[in-house]
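*Asks:* quick one, structure for this:
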Amino acid sequence: MTIDKTAIRDAATVIVMRDRDSAPKVLMGQRGAKAAFMPNKFVFPGGAVDAGDSTVPLHRPLPALCRERIEIDARAGIAYPLAAAAIRELWEETGQVLGAPADWAAPPPDWHGFAASGHVPDASALRFVFRALTPPGRPRRFDARFFLVDADALATDPDDFGAASDELSHLQWIELDRIRHFDLPFITEVVLAEVAARAADDSPPASVPFFRNDDEGSTFLQLHGRPMPD
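*Replies:* Numbers count the residues shown, from 1 in each chain. All right, here's what the predicted structure looks like:
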């Protein structure tokens, strides 16, 4: 099958998890009632790749296996801007920094706030765990890659959302066993099942599920990639 990329934007979503060994929780917020995409739904922070994301410096890149899996059935080099977009969206929507302390001269416009925090982005703690293509007929379509990261990797206080934009409201840490009480998009429920199964494991998964939707229907694939040497 060939994916029609017309009007489909590459996007990154970040699942931040804390208290893995006791009562696992994930960071979520609610989209506005007037949002064009998934209004009122509780979602993870995320959004489309911007032009400037391919030019930002990464203190450390994604793990090699994650990069390889991202670029299966995708354009070469997309892993880098996806990782940057994940970090930017996390910052914009929650005020949380995934980065290393450093000065940053002349950041792209969308990164001014992040740079002002005194950090450069660091993608090394991100784990690529899911990919989903928005079905045809939706007002917006995304080829979304979902990244899991432990809250211990954050450079900021995980309970401080003071620097967040207003894109998501009711930002909160939700226990995995309480999430069913929230209004979630279908694909978020699917991803959460995968995340719950990996709550105690911070290593890259054996394979990455790909929920592929196009005019020929919906298909679940597995993105394996080649085992990488230690």
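*Asks:* could you look up the SS state of the residue nearest to the spatial centre of the chain?
*Replies:* For the chain, the residue sitting closest to the mean C-alpha position, by C-alpha atoms, centre = their mean, is residue 13 at 2.1 Å. Secondary structure state of residue 13, per DSSP: H, G, I helix; E, B strand; the rest coil, is strand.
*Asks:* for it, give its distance to residue 143.
*Replies:* From residue 13 across to residue 143, the span is 11 Å (C-beta to C-beta, to the nearest Å). For the C-beta atoms, the positions are set from N, CA and C on the backbone; glycine is no exception.
*Asks:* name the surrounding residues that touch stretch 188-204.
*Replies:* Residues from elsewhere that reach stretch 188-204 (C-beta atoms under 8 Å, 6 or more residues apart in numbering): 15, 17, 20-21, 24, 26, 41-44, 63, 65-66, 127-130, 132, 146, 148, 150, 176, 179, 184, 205, 209, 211.
*Asks:* for ChimeraX, write a command that selects the buried ones of those.
*Replies:* Buried residues among the contacts of stretch 188-204 (16 or more other C-beta atoms under 10 Å), as a ChimeraX selection:
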select :15,17,20,24,26,41,42,43,44,63,65,66,127,128,129,130,132,146,148,176,179,184,205,209,211
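*Asks:* can you tell me which of the contacts of stretch 188-204 are in helices?
*Replies:* 65, 66 (DSSP state H).
*Asks:* just the ones of the contacts of stretch 188-204 in strands?
*Replies:* 15, 17, 26, 42-43, 127-130, 132, 146, 148, 150, 209, 211 (DSSP state E).
*Asks:* of those, the lowest pLDDT goes to which?
*Replies:* For the ones in strands among the contacts of stretch 188-204, the weakest pLDDT value sits at residue 211, with 83.
*Asks:* wait, doesn't residue 174 sit right on residue 26?
*Replies:* Yes - if you go by C-beta atoms under 8 Å, residue 174 and residue 26 touch, sitting 6.0 Å apart.
*Asks:* what is the nearest of the ones in strands among the contacts of stretch 188-204 to residue 54?
*Replies:* Closest approach between those and residue 54, by C-beta to C-beta: residue 128, at 17.5 Å.
*Asks:* give me every residue that touches that closest one.
*Replies:* For residue 128, the contacting residues are 62, 66, 69, 70, 145, 146, 147, 204, 208, by C-beta under 8 Å, 6+ apart.
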